[in-house]
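1. Structure for the following, please:
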Amino acid sequence: MSEATAPSCTPAPPRRILLVTGMSGAGKSTVLRTLEDLGWEVVDNLPLLLLDRLLATAPPEGAERDDRPLALGIGIGTRGFDAARIAARVQELADAGREIGVLFLDCAGAELVRRYSETRRRHPLAQDRPAVDGINRERELLQPLRDWAGRLIDTTGLASNELTAQIRNAFGGEGLGEPTLSVLSFGFARGLPRSADLVFDMRFLQNPHWVPALRPGTGLDADVADYVRADPAYADAVAAIEGLLLMLLPRYRAEGKAYVTVAFGCTGGRHRSVHVADRVAGRLREEGFSPTVQHRDLNTAPQDSLEGAPVSTRRL
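-> Here you go, the predicted model:
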């Protein structure tokens, strides 16, 4: 058994593996964070001899799937680093049927010197010498991996957000890149939800609380929903909100936002906000999104003191 092979383990189902390597300071940490946000499983600086053991290990607690793409950060800081041996092991895995590739991050020496100077970090191969010495030595050590890499990104002229955008464009369709989308209803009288990214105030709609037959119900009841929909402002306002969300949500995804919470509020959080949240969540599902819905104040008791005096009494 070779040193690179772990003790006998049952192989896990095939899944894509990407080795992320390159020059220290070229953006490996940024790439790994971006891939993790996209739903990849990410492991940094894993000794190569532990790779087979990792592939045969069950997914972490809470993981919904065990076939997520796997990104491995490899660099000169990896224990037992040997670029030629790593390239050979990658070839072995490819020959064995694994879908495996190498992403190499390069950067001009002068730019790397500037980055080390700005951050006041020491190059790992030049602890007591100029950074350029370590950079040159590292480039020599990494050459076999650079030659083998299927994808190369030169980060010399890239800002961190530009590198993130490139990674999202290249790999965004291969992970779980959709933000976790939540639609929430709440009552302003009981406080704003702290987690909300977008808050829509539904208090301009006629209030079922002031209709005695509707007061005990909620926005999930058909008669309450009919009353809310009967407001002349309802159709245009809700359609405008849905259109805005359908425009914004893909942009949030493109920016790498992991969680998006859309909140709808009314005074007590039992009628108008509940109905509109439920209606909008349904529309989002029709458009291919997967929102979870929470009605924070649905089970609270109706209280006149919270609702305030009715502006007008509009009966069914």
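2. got the residue ranges for the strands in the stretch 151-300 of the chain?
-> 151-154, 180-187, 198-201, 259-266, 292-295 (DSSP state E, counting those that start in this stretch).
3. Out of those strands, flag the one nearest S117.
-> strand 151-154 (19.9 Å; C-beta to C-beta). C-betas here are computed from N, CA, C, even on glycine.
4. list the helices and strands the closest one packs on?
-> When contacts are defined as 3 or more C-beta pairs under 8 Å, 6 or more residues apart in numbering; DSSP states H and E, strand 151-154 packs onto strand 100-106, helix 160-171.
5. Number of residues surrounding R115?
-> Neighbours of R115 under the rule other C-beta atoms under 10 Å: 17.
6. do G172 as well
-> 19.
7. That one against L38, yeah?
-> Yes: with contact defined as C-beta atoms under 8 Å, G172 reaches L38; the gap is 5.8 Å.
8. you'd agree L54 is up against V43?
-> Yes: the criterion here is C-beta under 8 Å, and L54 meets it with V43 at 6.6 Å.
9. so what sits against both of the two?
-> By C-beta atoms under 8 Å, 6 or more residues apart in numbering, L54 and V43 have these common neighbours: L70.
10. Just grab the bridge partners of the spatially closest residue to T292 that is not a sequence neighbour for me.
-> Computed as C-beta to C-beta, 6 or more residues apart in numbering, the closest residue to T292 that is not its neighbour in sequence is S182, at 5.2 Å. Beta-bridge partners recorded for S182 (DSSP bridges): T261, T292.
11. try I100
-> Note on I100: beta-bridge partners by DSSP bridges are I17.
12. Check the spacing between it and A159 real quick.
-> 29 Å (C-beta to C-beta, to the nearest Å).
13. Which one's more surrounded, those two?
-> Using other C-beta under 10 Å as the criterion, I100 and A159 rank with I100 on top: 21 against 11.
14. Spit out the contact partners of the more buried one.
-> R16, I17, L18, L19, V90, L93, A94.
15. Mind putting the residues you listed into TSV with neighbour count, pLDDT and distance to E140?
-> Listed next are these as TSV, based on neighbours: other C-beta atoms under 10 Å; pLDDT from 0 to 100; distance: C-beta to C-beta, whole Å:
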residue	neighbour count	pLDDT	distance to E140
R16	17	82	30
I17	21	86	26
L18	24	90	24
L19	25	89	19
V90	23	80	19
L93	17	80	25
A94	13	81	25
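16. could the residues you listed be laid out in TSV, adding distance to S117?
-> Converted to TSV, the contacts of I100 look like this (distance: C-beta to C-beta, whole Å):
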residue	distance to S117
R16	37
I17	35
L18	30
L19	29
V90	34
L93	38
A94	39
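17. list the contacts for A277?
-> Contact analysis of A277 by C-beta under 8 Å, 6+ apart lists V183, L184, S185, G219, F264, V293, H295.
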